[in-house]
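Can you look at this prediction? I've put the sequence above it.
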Amino acid sequence: MITDVDEALCVLLGRALPEGTMVRLDPPKPTWETERPSNAIDLFLFGLRDDPSGRESGWDESRDERGAVVARRQPIRRCALSYLVTARAPKINEEHLLLGVALRTMIFNDQLPEDCMSGPLAALGVPVFLQVAETEPGGLWSNLGMPARAAFAITVSAPFVPEPDTDLAPPAEKIRLDAGQNVAPPPRGPLTPNGPKRWVRVP
């Protein structure tokens, strides 16, 4: 699921950025200060957590041609992926231009477009939500031991599909219904006295 989201984000940004701009998944690194920069947008995945707001309920069942349940799967969960978006270019104003294009693309796409997704993520047919996060990147730069740069964070809410359970009991072949308990018929024969006010039937 993570690699599918990575690829979809790269496709989405690659369409909007100027020709020749790379979209990378590289984390910020101290060598940036000495490297000769090239036009690039970097997506750094820095956070993963459960997204309870998109949690579903109920089990999903797969059935064969006879209608028998052959697999059962827990409801789909959602995972929130947090990315730091930064730009690299020879000049600061060029970095800001690239960052502005990336920001505009993210703001005007509440969901990842279907034609950006591939693999299992596309096969699910479940929306993947996208939003610019309120996270302030300043703290991230401090934790990485690097000087602050212009950046913003995004959050992607993607479906996380559990493995199906196929170890199920075989379906019943017959069903027997009983209206009540079986009662044995009384023995036949004449009644004979057996003490005061008690009679028994002789077989």
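Received it, and whenever you're ready, just let me know what you need.

so where's the chain shaky on pLDDT?
Within the chain, the segments meeting pLDDT under 70 span 31-34, 54-74, 162-203.

all strands of it, in order?
22-24, 40-50, 60-63, 69-73, 77-88, 129-132, 151-160, 191-193, 199-201 (DSSP state E).

Show me what the longest one is packed up against.
Going back to what we said before, that points to strand 77-88. Counting contacts by 3 or more Cβ pairs under 8 Å, 6 or more residues apart in numbering; DSSP states H and E, strand 77-88 is packed against helix 2-16, strand 40-50, helix 92-107, strand 151-160. No exception for glycine: its C-beta is placed from N, CA and C like everyone else's.

between the strands of the chain, which gets nearest to residue 109?
strand 129-132 (5.6 Å; Cβ to Cβ).

So which bits of that closest one are buried?
129, 130, 131 (16 or more other Cβ atoms under 10 Å).

residue contacts, the second one?
For residue 130, the contacting residues are 106, 109, 110, 111, 112, 154, 155, 156, 157, taking Cβ atoms under 8 Å, 6 or more residues apart in numbering as the criterion.

residues contacting the closest residue to residue 117 other than its chain neighbours?
The shortest distance from residue 117 to any non-neighbouring residue, by Cβ to Cβ, 6 or more residues apart in numbering, is to residue 8 (4.7 Å). Going by Cβ under 8 Å, 6+ apart, residue 8 touches 112, 116, 117, 118, 121, 128.

most packed of the helices and strands packed on strand 77-88?
Ranked by mean neighbour count, these are led by strand 151-160 with a mean of 20 (mean count of other Cβ atoms under 10 Å).

What strands flank it, and is each parallel or antiparallel?
strand 77-88 (antiparallel), strand 129-132 (antiparallel) (DSSP bridges).

ok, back up a step: what about the residue nearest to residue 117, distance to residue 97?
For residue 8, the distance to residue 97 (Cβ to Cβ, to the nearest Å) stands at 23 Å.

Look up which residues are beta-bridged to residue 42.
Legend: beta-bridge partners of residue 42 under DSSP bridges are residue 24, residue 86.

if we can go back for a sec, how about JSON lines for the strands of the chain, with distance to residue 139 added?
Compiled in JSON lines, those are given as follows (distance: least, Cβ to Cβ, whole Å):
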{"stretch": "strand 22-24", "distance to residue 139": "22"}
{"stretch": "strand 40-50", "distance to residue 139": "11"}
{"stretch": "strand 60-63", "distance to residue 139": "39"}
{"stretch": "strand 69-73", "distance to residue 139": "38"}
{"stretch": "strand 77-88", "distance to residue 139": "11"}
{"stretch": "strand 129-132", "distance to residue 139": "17"}
{"stretch": "strand 151-160", "distance to residue 139": "10"}
{"stretch": "strand 191-193", "distance to residue 139": "97"}
{"stretch": "strand 199-201", "distance to residue 139": "94"}
